[in-house]
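1. Based on what follows, work out the 3D shape:
(2 chains)
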Amino acid sequence: NAGVTQTPKFQVLKTGQSMTLQCAQDMNHEYMSWYRQDPGMGLRLIHYSVGAGITDQGEVPNGYNVSRSTTEDFPLRLLSAAPSQTSVYFCASSYSGPRGEQYFGPGTRLTVT
Amino acid sequence: ELKVEQNPLFLSMQEGKNYTIYCNYSTTSDRLYWYRQDPGKSLESLFVLLSNGAVKQEGRLMASLDTKARLSTLHITAAVHDLSATYFCAVDERNNNDMRFGAGTRLTVKP
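-> Next comes the predicted model:
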């Protein structure tokens, strides 16, 4: 049981480039979410999904897209990277829906130059 | 808008001492979560508090929730070095899927 996995672990992008951060879970959790963590600001919710085919915006969705075609996978796409998107990104999943205890992936450290 | 405030943001304490971290939130919610994060690592769930008056304990950590005061506390008893980490509280607003985290409390326990 791998839990929540994220790839890549580290990524450097130039301004304007696009990329996809991958997230997968093998716990059959319906709820999945993406957060970004910036120094001194805790975690902020970007997008979340309550099941395959259903996604919604969180607190800071601008500049990011998500899709949920399967229960297992929840990729996060950066459409045109900006230096303000330099951050650590965490994916999480929950077995009891949006209000349950969440299990976090190891994170992706993204730098945009 | 739901706001979550933790204090203190930085806490340095001696081994063996007791201390409390506070988490205040601004809107109606009946669930509160505490997480631990070690440097460079991911977040680990510590406690899920599901109702007013809930109290949970694990080792030297005890968490409580007062929904009327919109306050949760994380009490540390007889601190040890292994408890050094950043602790986050998080709240989800009732009838809303949004989850808000506090800024975190960076705890350092010194010998």
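2. residue boundaries of the strands in chain A?
-> For chain A, applying DSSP state E gives strands covering A:4-7, A:10-13, A:19-25, A:31-37, A:43-51, A:54-57, A:64-66, A:76-78, A:87-94, A:102-104, A:108-112.
3. Show me what the first one packs onto, helices and strands only.
-> In terms of contacts (3 or more Cβ pairs under 8 Å, 6 or more residues apart in numbering or on different chains; DSSP states H and E), strand A:4-7 is packed against strand A:19-25, strand A:87-94. Glycine gets a C-beta too; all of them are placed from N, C-alpha and C.
4. most packed of those?
-> Of the helices and strands packed on strand A:4-7, the one with the most neighbours on average (mean count of other Cβ atoms under 10 Å in any protein chain shown) is strand A:87-94, at a mean of 23.
5. As CSV, the strands of chain A with mean pLDDT would be great.
-> Formatted as CSV, the strands of chain A follow (pLDDT from 0 to 100):
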stretch, mean pLDDT
strand A:4-7, 97
strand A:10-13, 97
strand A:19-25, 98
strand A:31-37, 96
strand A:43-51, 93
strand A:54-57, 94
strand A:64-66, 98
strand A:76-78, 98
strand A:87-94, 96
strand A:102-104, 93
strand A:108-112, 97
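6. Name the stretch among the ones you listed that sits most buried.
-> strand A:31-37 (a mean of 25).
7. Please name the spatially closest residue to A:Gly53 (chain neighbours excluded).
-> A:Arg68 (6.2 Å; Cβ to Cβ, 6 or more residues apart in numbering or on different chains).
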